[in-house]
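Visitor: generate a structure from the sequence data that follows.
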Amino acid sequence: MIAFTSAELDRFLREDDGAPVVMLNLLRFRPDGGRERYFEYLKLAGPLVARYGAEILYAGDGMTPLAAETGQAWDTVALVRYPSRRAFADMIADPAYAVADPVRMSALSEAVLQPTRRILPA
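Guide: As a prediction, this is how the structure comes out:
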């Protein structure tokens, strides 16, 4: 799956506790230049990340997994902190994101967006 439905976004927002959310992004690129297109997406979406108060905490290429089932290795992982769930929703509703998202979709063969919340003290 690469995209989420409006029902899933509605649920994401209903579960909002007002705290920041860190989104784990697991990305698998299309073999026909997906990685390069994803970097095009990042150029388009980068200004939006800052505009909505988000921060890329980490991004890195996946290496050979130590423990994973077949198909569980990912090309890239990223952690993006959003000040709130609403900030994420507002970012993806921005008209500029409507330009960037088709590039993202064309770059990926598979993706997981997993919202997380802190469980250990900083």
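Visitor: what pLDDT does the closest residue to A3 other than its chain neighbours get?
Guide: Distances taken as C-beta to C-beta, 6 or more residues apart in numbering put M105 closest to A3, at 6.8 Å, once the chain neighbours are dropped. In this view, the C-beta of every residue, glycine as well, is placed from N, C-alpha and C. pLDDT for M105: 96.
Visitor: before we move on, what about V77?
Guide: pLDDT, read off for V77, is 97.
Visitor: kindly report the same for R118.
Guide: Reported pLDDT for R118: 87.
Visitor: ok, now how distant is the residue nearest to A3 from G34?
Guide: 10 Å (C-beta to C-beta, to the nearest Å).
Visitor: neighbour-wise, which of the two wins?
Guide: G34 (18 against 14; other C-beta atoms under 10 Å).
Visitor: what residues are up against the more buried one?
Guide: Listed by C-beta atoms under 8 Å, 6 or more residues apart in numbering, the contact set of G34 reads S106, A107, L108, S109.
Visitor: from those, which land in helices?
Guide: S106, A107 (DSSP state H).
Visitor: need the contacts of G34 in TSV (columns: distance to G71).
Guide: Converted to TSV, the contacts of G34 look like this (distance: C-beta to C-beta, whole Å):
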residue	distance to G71
S106	21
A107	19
L108	15
S109	11
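Visitor: wait, doesn't R86 sit right on R14?
Guide: No - using C-beta atoms under 8 Å, R86 makes no contact with R14, being 11.6 Å away.
Visitor: compare the two (neighbour count), which wins?
Guide: Per other C-beta under 10 Å, whichever of R86 and R14 has more neighbours is R86, with 14 against 8.
Visitor: ramachandran coordinates for that one?
Guide: Backbone torsions of R86, given as degrees, to the nearest 10, read phi -60, psi -40.
Visitor: tell me the contacts of it?
Guide: L13, D16.
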